[in-house]
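Student: Just the structure for this:
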Amino acid sequence: MTIDKTKIRNAATVIVLRDRHVTPHILMGQRGAKAAFMPNKFVFPGGAVDAADARVPLAAPVNELCHGRLCDDAEPSLAHAIAVAAIRELWEETGLVLGRKGAWEGDVPADWQTFAATGHLPDASALQFVFRALTPPGRPRRFDARFFLVDAEDIASDPDDFDAACDELSHLQWVPLSRARSFDMPFITEVVLAEVAARARDTNPPASVPFFKNNDEESLFLRLHGRPMPG
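Tutor: Residues are numbered from 1 along each chain as shown. I've put the predicted structure just below:
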């Protein structure tokens, strides 16, 4: 058996849902043609966890249930960094602020200076952990991605203002959930979309979080139920 030695990076992805009780829309963008990972595909904003993410303070963490599920089959200390990465990637790729009004204490990390300039602190309390997927072996890059759902009403900035976004995603747009599958997207994005569509109008957390665990030995479909936070 050949073992895939491609490094697996932890990652966070954010699905922003708008008008969920009327005509649900989700925020998507298109990756560049020269991107090493999933070129030209329409995706949700997201990316890899950086080492510095573990040291960025949050105004509020994810809720206890999501924290417990993030710790399932993972190093517990990762939960904070993954939530921080979700907020950072959303800001970098869309210019949307998931945070609360407040001033940073001490030096602001370089990656967060433009975010801090908006007058907000990163706030993870509105993030709902809904899916996890490990990229199958044989891909040029592999990620252990956690997908978070957040309501557009919890975004602190104008949901139609993408002026602060970097150029990693183009054609940022609010896509009707009913039409999203007509876009050219990765298989796993389609799978996550089905999960989101099934619970678009339900604000309660899922009974458990699906986990596609594609390791070198086999592909497993698991359910993450969570575990209590340490006292």
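
Student: just checking, what packs against the one helix or strand in the chain whose mean pLDDT sits lowest?
Tutor: Of all the helices and strands that make up the chain, strand 219-224 has the lowest average by mean pLDDT, DSSP states H and E, namely a mean of 90. With contacts defined as 3 or more C-beta pairs under 8 Å, 6 or more residues apart in numbering; DSSP states H and E, the packing partners of strand 219-224 are strand 209-214. For the C-beta atoms, the positions are set from N, CA and C on the backbone; glycine is no exception.

Student: residues of stretch 92-107 that come out buried?
Tutor: Residues of stretch 92-107 classed as buried by neighbour count (16 or more other C-beta atoms under 10 Å): 92-100, 104.

Student: ends of it, how far apart?
Tutor: With C-alpha to C-alpha, to the nearest Å as the measure, the ends of stretch 92-107 fall 19 Å from one another.

Student: Dump the buried residues of stretch 92-107 into CSV; add pLDDT as well.
Tutor: Rendered in CSV, the data for these read as follows (pLDDT from 0 to 100):
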residue, pLDDT
E92, 97
E93, 96
T94, 97
G95, 97
L96, 98
V97, 98
L98, 98
G99, 98
R100, 97
W104, 94
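
Student: Specify which member of those is nearest to L70.
Tutor: For the buried residues of stretch 92-107, the closest approach to L70 (C-beta to C-beta) belongs to L98, at 16.5 Å.

Student: Tell me where this protein is predicted with low confidence.
Tutor: Using pLDDT under 70 as the threshold, the predicted model of the chain has low-confidence ranges 1-5, 33-37, 216-217, 227-231.

Student: Scan it for its longest helix.
Tutor: The helix spanning the most residues in the chain, taking DSSP state H as the definition, is helix 78-94.

Student: Next secondary structure after it?
Tutor: strand 99-101 (DSSP states H and E).

Student: That following strand pairs with which strands?
Tutor: strand 120-122 (antiparallel) (DSSP bridges).

Student: hey, where'd the helices end up in this protein?
Tutor: According to DSSP H, the helices that the chain contains are 64-71, 78-94, 113-116, 187-198.

Student: Go through these and name the closest to G47.
Tutor: Ranking the helices of the chain by proximity to G47 (C-beta to C-beta) places helix 78-94 first, at 4.5 Å.

Student: so that closest one versus helix 64-71, what angle?
Tutor: When axes from the mean of the first three to the mean of the last three C-alpha atoms, to 10 degrees is applied, the directions of helix 78-94 and helix 64-71 differ by 100 degrees.

Student: oh, and call the first residue 33 from now on, that's how I've got it
Tutor: Okay, residue one is now 33; in that scheme the one you just asked about reads as helix 110-126.

Student: For helix 110-126, which helices and strands make contact with it?
Tutor: Helix 110-126 sits against strand 40-50, strand 57-63, strand 78-80, helix 96-103, helix 145-148, strand 152-154, strand 174-183, strand 201-208, with contacts defined as 3+ C-beta pairs under 8 Å, 6+ apart.

Student: make it 6 Å
Tutor: Counting contacts by 3 or more C-beta pairs under 6 Å, 6 or more residues apart in numbering; DSSP states H and E, helix 110-126 is packed against strand 40-50, helix 96-103.

Student: okay, these in TSV with distance to T235 next?
Tutor: Rendered in TSV, the data for the helices and strands packed on helix 110-126 read as follows (distance: least, C-beta to C-beta, whole Å):
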stretch	distance to T235
strand 40-50	10
helix 96-103	13
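
Student: of all the ones you listed, which lies closest to E227?
Tutor: Scanning those with C-beta to C-beta as the criterion, the closest one proves to be strand 40-50, at 9.4 Å.
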